[in-house]
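Student: 3D model of this:
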Amino acid sequence: MDVTDRIVLRGIRARGHHGVYDFEREQGQDFVVDATLHLALHTAAATDDVADTVHYGEVAEQITAIVGGEPVNLIETLAERIAAAVLQDERVRTVEVTVHKPQAPIAQVFDDVAVTIVRSRA
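Tutor: Residues are numbered from 1 along each chain as shown. The predicted model follows:
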């Protein structure tokens, strides 16, 4: 079945201690995560039962816990961890995760630094 349904979470903010520099790990900084889950939602729509869908509140809690958890050097690694956690729910076929690092240690003026990955169930 071709899955075109999506659950989208945008702008989940959490404090983390990720980065390659010591001061990033010591001081921490805010990260923002967007996640798009691709899955079939026809059963949930028909039953009107939250048990038949992926609970986006629980996904948001998972993301926040991962961002606030064990530090990593790269936001690429952080995005990979989030994607792996979301894909633990077998209903999710594909997930797109964007990790924004708005306080990245860059000398130039910038609006955002972000990494986006897409992972699918095998």
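
Student: What score does residue 82 have for pLDDT?
Tutor: Residue 82 is assigned a predicted lDDT (pLDDT) of 98.

Student: again with residue 108
Tutor: Here the pLDDT value assigned to residue 108 is 95.

Student: tally of neighbours for it?
Tutor: 4 (other CB atoms under 10 Å). All C-beta atoms are positioned from the backbone trio N, CA, C, and that covers glycine.

Student: For residue 116, see how far away it is.
Tutor: 21 Å (CB to CB, to the nearest Å).

Student: Kindly report the same for residue 82.
Tutor: With CB to CB as the criterion, residue 82 and residue 116 are 11 Å apart.

Student: Burial check on the nearest residue to residue 76 once chain neighbours are set aside, number of neighbours?
Tutor: Among residues not flanking residue 76 along the chain, residue 115 sits closest, at 5.2 Å (CB to CB, 6 or more residues apart in numbering). Neighbour count for residue 115, taken as other CB under 10 Å: 16.

Student: Now for residue 115, which secondary structure element holds it?
Tutor: Per DSSP states H and E: residue 115 is located in strand 114-120.

Student: do the same with residue 96
Tutor: strand 94-100.

Student: could you give me the average pLDDT of that strand?
Tutor: Strand 94-100 comes out with an average pLDDT of 98.

Student: hmm, back to that, quick one: which of residue 82 and residue 116 has more around it?
Tutor: Just comparing residue 82 and residue 116: by other CB under 10 Å the higher neighbour count belongs to residue 82, 25 against 13.

Student: Double-check that one against residue 96; I have them as touching.
Tutor: No - taking contacts as CB atoms under 8 Å, residue 82 lies outside contact range of residue 96: 10.5 Å.

Student: what's the overlap in contacts for those two?
Tutor: Both residue 82 and residue 96 are contacted by residue 35, under the criterion CB atoms under 8 Å, 6 or more residues apart in numbering.

Student: Brilliant, that's me finished.
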